[in-house]
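Student: I would like the atomic coordinates for the input below:
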Amino acid sequence: MVSTDCLIIGGGLAGTAVSFALSRHGLRSVIIDKIGIAAEGSGNPAGLAVADSGRSAEVDPRDTRGFEVLSDVIGLHQRGGYLAGAVYGDVVQFPVTPRLAERCLVGAVSATHLSQLTAARCLSDGLVCRGITVDPSDLCRAHVFCSGAGVVIGEVVSLSLRNGKWRALNRHGEILGEAPVVCIANGAAAMAIPLTGWLKLERVRGQVVIVRASVKGLPEIPVCFDGYVLPIPAGGHLIGADYDHISVDTRVHPGISSALIRRMNKWLEVSIPSEAIRSGRVAFRTSTHDRLPYVGAVPDYWDFRARVDSALKARRPVAACEALLGDLSYLPNCFVSVGHGSRGLLSAHYAAELLTPKILAVCGTGRDDAQPADTMLEPRRLMVRMMRDLRRARS
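Tutor: Modelled structure (predicted):
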C-alpha cells in the first residue's frame, strides 16, 4: 500500500496539474489512474490554449488567469529541459461566432495577409491573437516527473476514510493508496465513485485526424474556426474535432475524418490525399451541465439529501430546506477537479491554483485564504440548483 501526503485520482491534465502545483510547496502526491498518465482525454498529440477564444460575450477572467498559470508552468518545464516543442505565438481565428464577426469589423486581418502569416491559402478575413501550442501528454508527463509523484495503475471504485486517512480501493477491495488528503480528478469516472456519484457529468466523444508532415499547404501556425488545425510539436498536423454527446464508440470513423477535412476546407484551401492521413484518435472529454468545471471541496451530498428528504417528509416549507445550505457539511480533506471539457489546458491549471492553498491549509503548511475562492466552480452549486428546482416545483 502506497502512503503519501495527497492521493490524486486521475492522471490527465487535471490530476497532474494539481500534483505539480503541490510539489512546488513541498507536498508529495501519488497519482492513481486506470490506464496511465495522459492515456485518455489528455492524450492528443497537440493542444491549443488561447486566453480569449472570442466565443463568449466577454473575456473570461478564469481563462486569462489559466493562461498566465499555464505560461508560467510551461516556462519552468522548458527551462529545466523537461518539455520540448511548446510554442507561444500567433493564432488565426476565423469569424464563426457573432462576437468574432463583430470584432472582425474593426480588427480584421485580410485573407491575403493571413495566407502570408500561416503559409497556407486562407479563404476569409480573420483575427490574430496569441496562444500556446503544446503536446498535452508531454505536459502531463513533465508535471509528473518534476513533481516526483508516484504513479499507481488501477481503477478506483470507492474511497473510505479510516483513522484520518483516505483509502482508494479497487473493485476487489484492495487498497491502491492512502493519504490524509484526496483529490478526485478522473473526469466522468468520478461518477463511479459513490462519494462523487451525484455530480452531473457528461462524456463527450471527440475524434481528430492526424496528418503526416509531408502534406504541403497546411498552416505553420494554429488556425481556429468551428474546428482547428494545429501543427503537432513532433511533426504533422492535428485536425479536429467533432463533438458527439451521444455516441460511446471508441473506433475512428473515416466518414467523420472526411467531414473534419471538409469543414477545414471552408477556411483553408488545401488538398489532403487519403494516404497522407496517418491516423485518427477518439477520446472522451468530460463536460458539465453549465459548462463550468467542478473545482473545490466535496460536500457530503448524501447527508444533505437525507436532511432535505426528512424536512420534506415532515412537510416543512421550502425555505427550511434552503436553510440547510447554510449548514452544509463537507467530506474532510476531499477535493475535486473534473469537468474541464475541451479547455483543460487553461481550466485544469487554474483549478490547480485554486485547490493548492486549500490542500496546503489542511496539511498545516499554508493558509486557505492565500487564494480567493471561485464559488461559481464549487460543487455546492448543484445543491443550490436542487433548491431552486424544488422551489419552482412547489410554486
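Student: measure residue 39 to residue 179 for me?
Tutor: Separation of residue 39 from residue 179 (C-beta to C-beta, to the nearest Å): 22 Å. Any C-beta I mention is one placed from the backbone N, CA and C, and that applies to glycine too.
Student: what of residue 16?
Tutor: As judged by C-beta to C-beta, residue 16 and residue 179 stand 16 Å apart.
Student: so which of the two has more stuff around it?
Tutor: residue 16 (33 against 23; other C-beta atoms under 10 Å).
Student: for the closest residue to the more buried one other than its chain neighbours, what are phi and psi?
Tutor: Ranked by C-beta to C-beta, 6 or more residues apart in numbering and with sequence neighbours excluded, the top spatial neighbour of residue 16 is residue 143, at 3.7 Å. Dihedral angles of residue 143 (phi, psi; degrees, to the nearest 10) stand at phi -60, psi -50.
Student: go on, residue 7?
Tutor: With angles defined as degrees, to the nearest 10, residue 7 sits at phi -90, psi 130.
Student: neighbours of it, how many?
Tutor: Under the neighbour criterion other C-beta under 10 Å, residue 7 is assigned a count of 29.
Student: please, where are all the helices along the stretch 151-300 of the chain?
Tutor: 254-264 (DSSP state H, counting those that start in this stretch).
Student: gap between the closest residue to residue 253 other than its chain neighbours and residue 280?
Tutor: Leaving aside its chain neighbours, residue 253 sits nearest to residue 207 (6.8 Å; criterion: C-beta to C-beta, 6+ apart). Per C-beta to C-beta, residue 207 is found 6 Å from residue 280.
Student: hey, what's in contact with both of those two?
Tutor: Counting by C-beta atoms under 8 Å, 6 or more residues apart in numbering, the residues touching both residue 207 and residue 280 are 252, 256, 257.
Student: per-residue pLDDT, the second one?
Tutor: Yep, that's residue 256 we're talking about. On the pLDDT scale, residue 256 is placed at 94.
Student: for the nearest residue to it once chain neighbours are set aside, give the beta-bridge partners.
Tutor: Of all residues not flanking residue 256 in the chain, residue 207 sits nearest, at 5.0 Å (C-beta to C-beta, 6+ apart). Counting by DSSP bridges, residue 207 forms beta bridges with residue 282.
Student: okay, now residue 207: neighbour count?
Tutor: Neighbours around residue 207, by other C-beta under 10 Å: 24.
Student: nothing else from me, thank you.
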